[in-house]
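**Student:** I would like to see how this sequence folds:
(one chain, ligands or ions: 1)
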Amino acid sequence: MPIKFDGDPEISLLIDKEEARQENEISLIASENYAPANILKAMGSVLTNKYAEGLPGKRFYAGCSVVDAVETLAIERCKKLFGASHVNVQPHAGSQANMAVYMSCLKPGDTILGMDLVSGGHLTHGYKANFSGALYRVVSYGVSRETECIDYDQVYTIAQQCRPKLIIAGASAYPRIIDFAKFAQIAKSVDALFMADIAHIAGLVAAGLHPSPIACADFVTSTTHKTLCGPRGAFVMCKDGFAQALDRTVMPGIQGGPCMHVIAAKAICFGNGLRPEFVRYQQKIINNARAMSDVLAELGYRIVSGGTDNHMIIIDLTGQGCNGKEAEQVLECAGITVSRSCIPFDTQKPTLGSGIRIGTSAITTRGMTEKEAQDVAFMMHEVIKHRDEQCFIEAVRQRVESLCKHFPIYSSF
Ligand code: DSN
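**Tutor:** A predicted model of the protein is given here:
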């Protein structure tokens, strides 16, 4: 008799609860999305059982013929989607993807130049409490005080002064197009390597709606679960000359066995990205973000940088008299999840933030259009304006639930 474990009612109940929460709430968290059913299925498949340290055709374990085919498909689809010459699809998360790049081309103490956290940079771009801040000498660039956009002249000047070994472009809270070609020129001018972290905008890049850094960057890192709408995970693309060092850094450098079930799901995600409807989907994400941004601006909110070019909007709540954490909490009570966020030159701690970051990938995936995006912006305004009045919050919560019922995520499984 094979060993059989019975179900786990406690965890089943919690998964059901989380599914109900996702169905009945509106996620405006810019880094979240809903993985399609076949991606969930791949992640719950028997591929999780297989150890496959190494790369296709060069494994340290027997029995890898099927997972070799899975990983090869993921690599080939990713190459085609982004026009990359070398891809490693094994990093478990964005932090590991960035760590793999740093450890393949830097030594501890080398200088890295990345965007600071307050301006929208990521923890792994040199935040002091992150491994990147602990291992490397970090110099940061921010945004212009006037435009709240990257000031490429400032980046150039800083690069000339600090002579970094690696320049990092990309952000977690930056709503504008990033000129990767300019970053590459600056890197070239100081003989630095150039890495683009496109975790947030990967879907927009894959769809051709944002400039691609592939031709000009030495390394491009990304996650698969944000605008790309895939499983939780990451990947690194690089120029051929860095391929061997990168692959060796991923394994055995920083990871062991790859998650083959997630790599199968990444293959599905990259395959979806190659479909014509993916471009329309990404365009809708941008349209929805612009629709929300316009409504919020009309309602008197100060939108950082004056608008958005991508899936996210950073809202400065100073004029509303509340900080990001307060807004995040009251909106959650109304069934709308957002993230507190710093704004450029913020004087609040990152744990509070003077604003919120919202994103439209998840609502677009569940079928909401500009009309619903505008409705949601009005609901957010109601909640923030009447944040001390429980009856308003409850009324919005009911409107949120009723809107969500018209846009089911997984109930058609
Ligand atoms: N924590 C993610 C985000 O919210 O942007 C990035 O890692």
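**Student:** What parts of the chain come near the ligand?
**Tutor:** By Cβ under 6 Å from any ligand atom, the residues of the chain that approach the ligand are 31, 94, 122, 172. Every C-beta, even on glycine, is put in place using the N, C-alpha and C of the backbone.
**Student:** now with 8 Å?
**Tutor:** Listed as neighbours of the ligand in the chain under the rule Cβ under 8 Å from any ligand atom: 29-32, 93-95, 122-124, 172-173, 199-200, 223, 226, 339, 357.
**Student:** mind listing which of those residues are in strands?
**Tutor:** 223, 339, 357 (DSSP state E).
**Student:** who wins for most neighbours among the residues you listed?
**Tutor:** Per-residue neighbour counts (other Cβ atoms under 10 Å) across these peak at residue 357, which has 27 neighbours.
**Student:** ok, that residue - contacts?
**Tutor:** By Cβ atoms under 8 Å, 6 or more residues apart in numbering, residue 357 lies in contact with 30, 173, 312-315, 338-341.
**Student:** What segments of the stretch 151-300 of the chain are helices?
**Tutor:** 152-162, 180-189, 202-206, 243-248, 260-273, 276-298 (DSSP state H, counting those that start in this stretch).
**Student:** list the helices and strands the third one packs on?
**Tutor:** Spelled out, that is helix 202-206. helix 65-82, helix 276-298 (3 or more Cβ pairs under 8 Å, 6 or more residues apart in numbering; DSSP states H and E).
**Student:** what's the shortest one packed up against?
**Tutor:** Counting contacts by 3+ Cβ pairs under 8 Å, 6+ apart, the secondary-structure elements packed against helix 65-82 are strand 86-88, helix 202-206, strand 234-238, helix 260-273.
**Student:** so which of those comes closest to residue 47?
**Tutor:** Residue 47 sits nearest to helix 260-273 of all those, at 4.0 Å, using Cβ to Cβ.
**Student:** what's the closest non-adjacent residue to the closest residue to the ligand within the stretch 101-250 of the chain?
**Tutor:** Nearest residue of the stretch 101-250 of the chain to the ligand (Cβ to the nearest ligand atom) works out as residue 172 at 3.7 Å. Nearest residue to residue 172 in three dimensions, chain neighbours excluded: residue 122, at 4.6 Å (Cβ to Cβ, 6 or more residues apart in numbering).
**Student:** follow-up on the earlier one: highest average neighbour count across the helices of the stretch 151-300 of the chain?
**Tutor:** helix 202-206 (a mean of 27; mean count of other Cβ atoms under 10 Å).
**Student:** pLDDT on that helix, on average?
**Tutor:** Across helix 202-206, pLDDT averages out at 98.
**Student:** in the stretch 301-413 of the chain, which spans are helices?
**Tutor:** Taking DSSP H, counting those that start in this stretch to define them, one finds helices in the stretch 301-413 of the chain at 324-333, 361-365, 370-385, 390-405.
**Student:** Would you format those as JSON lines with mean pLDDT and mean neighbour count included?
**Tutor:** Shown next, in JSON lines, are the helices of the stretch 301-413 of the chain (pLDDT from 0 to 100; neighbours: other Cβ atoms under 10 Å):
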{"stretch": "helix 324-333", "mean pLDDT": "98", "mean neighbour count": "19"}
{"stretch": "helix 361-365", "mean pLDDT": "98", "mean neighbour count": "26"}
{"stretch": "helix 370-385", "mean pLDDT": "98", "mean neighbour count": "20"}
{"stretch": "helix 390-405", "mean pLDDT": "98", "mean neighbour count": "15"}
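**Student:** For residue 59, which of those helices is the nearest?
**Tutor:** Distance to residue 59, taken as Cβ to Cβ, is lowest for helix 361-365 among the helices of the stretch 301-413 of the chain, at 34.7 Å.
**Student:** ok, back up a step: now render the helices of the stretch 301-413 of the chain as JSON lines, adding distance to residue 23.
**Tutor:** Putting the helices of the stretch 301-413 of the chain into JSON lines (distance: least, Cβ to Cβ, whole Å) gives the following:
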{"stretch": "helix 324-333", "distance to residue 23": "16"}
{"stretch": "helix 361-365", "distance to residue 23": "12"}
{"stretch": "helix 370-385", "distance to residue 23": "15"}
{"stretch": "helix 390-405", "distance to residue 23": "6"}
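**Student:** For the ligand, what's its nearest residue on the stretch 201-350 of the chain.
**Tutor:** residue 339 (6.1 Å).
**Student:** residues touching that residue, list them.
**Tutor:** Applying Cβ under 8 Å, 6+ apart, the residues near residue 339 are 29-31, 324, 328, 356-358.
**Student:** What are the contacting residues of stretch 406-413?
**Tutor:** With Cβ under 8 Å, 6+ apart as the test, stretch 406-413 has contacts from 19, 22-23, 34, 37, 363, 365-368, 372.
**Student:** oh sorry, the question was meant for stretch 280-300
**Tutor:** Contacts with stretch 280-300, where a contact means Cβ under 8 Å, 6+ apart, come from 175, 203-204, 206-207, 209, 227, 229, 303, 307-313, 315, 319, 358-361, 363-365, 368-370, 373-374, 376-378, 380-381.
**Student:** just stretch 95-107 next, same as before
**Tutor:** 88, 91, 112, 122-125, 131-132, 135-136, 165-166, 193, 195, 197, 218-219, 221-223, 234-236, 238, 242, 245-246, 248-250, 253-255.
**Student:** ChimeraX command to pick out the buried ones of the residues you listed?
**Tutor:** Of the contacts of stretch 95-107, the buried ones can be selected in ChimeraX as follows, counting by 16 or more other Cβ atoms under 10 Å:
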select :88,91,112,122,123,124,125,132,135,136,165,166,193,195,197,218,219,221,222,223,234,235,236,238,242,246,249,250,254,255
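**Student:** which residues touch the spatially most central residue of the chain?
**Tutor:** Geometric centre of the chain, nearest residue: residue 200, 3.4 Å, by Cα atoms, centre = their mean. By Cβ under 8 Å, 6+ apart, the contact set of residue 200 is 30-31, 170-172, 226-227, 310-312.
**Student:** thinking again about what came up before, confirm for me that the residue of the stretch 101-250 of the chain closest to the ligand is in contact with residue 120.
**Tutor:** Yes. Between residue 172 and residue 120 there is a contact at 6.2 Å, judged by Cβ atoms under 8 Å.
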